[in-house]
Structure formats: structure tokens, C-alpha cells
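> here are the coordinates; sequence isn't available:
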């Protein structure tokens, strides 16, 4: 039993935002600034020529493609120049 008699209830929301990020939340609890294990989030924006043509100075620049990714990197095997870190997880996550 978990402390406080914790019980997970089904929220009837399959594949919702919280559920999609559960793997990231689990990884975050295992990394620290003293660790060789890091979680890296990054955004990828892609623009087409049509995104900027005729754009007024007060209009926002909106990308055609927007994607967010999380990557878990293990650098414990990096000892000398040329060694490469291992990518343990590379996954697209919701914006």
C-alpha cells in the first residue's frame, strides 16, 4: 500500500496531456545537477516562404510546423574527447 491509501482513479480521459507527460515526470525525479543523466526539452519550428511573405511589421511570425521533443541523455560513458553520450529516450511530446 502507498502512503495515505493512495488509489489512482480512472478519469476517463484516455491519452490526455498529463498521461502523455507521465514518462517525462518519472525521468525528472531521477536526474539532478550532479548527475550524468539529463532531460532536455526543445521546440522545433519550421517556416515556409509563405509564412513570411507580405507579413506586416505588427503581425506575428507563425511557423507552419511546431513540435516539442524530450530527450534523455546519459553522459556517464563520456571520459575523453570524441566520446559520445547515449540517448536513452527521444520522444515527441504535446505542445
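It's in. This one's a predicted model, so the numbers in the text were calculated from it and none came from an experiment.

> tell me what the longest helix seen in the chain is packed against?
Of all segments of type helix in the chain, defined using DSSP state H, the longest is helix 22-28. Secondary-structure packing of helix 22-28 (3 or more Cβ pairs under 8 Å, 6 or more residues apart in numbering; DSSP states H and E): strand 37-46, strand 65-74, strand 86-93. In this view, the C-beta of every residue, glycine as well, is placed from N, C-alpha and C.

> just those strands: most buried one?
Highest mean neighbour count of the helices and strands packed on helix 22-28: strand 65-74, a mean of 15 (counted as mean count of other Cβ atoms under 10 Å).

> parallel or antiparallel, list what pairs with it.
strand 37-46 (antiparallel), strand 86-93 (antiparallel) (DSSP bridges).

> those: which one's closest to residue 22?
Closest to residue 22 of these is strand 86-93 (Cβ to Cβ; 10.6 Å).

> coming back round to it: will you turn the strands paired with strand 65-74 into CSV that also has distance to residue 76 and mean pLDDT?
Formatted as CSV, those follow (distance: least, Cβ to Cβ, whole Å; pLDDT from 0 to 100):
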stretch, distance to residue 76, mean pLDDT
strand 37-46, 7, 90
strand 86-93, 8, 94
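
> next, format these as a markdown table and append distance to residue 19.
As requested, those are exported to a markdown table (distance: least, Cβ to Cβ, whole Å):
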| stretch | distance to residue 19 |
| --- | --- |
| strand 37-46 | 18 |
| strand 86-93 | 11 |
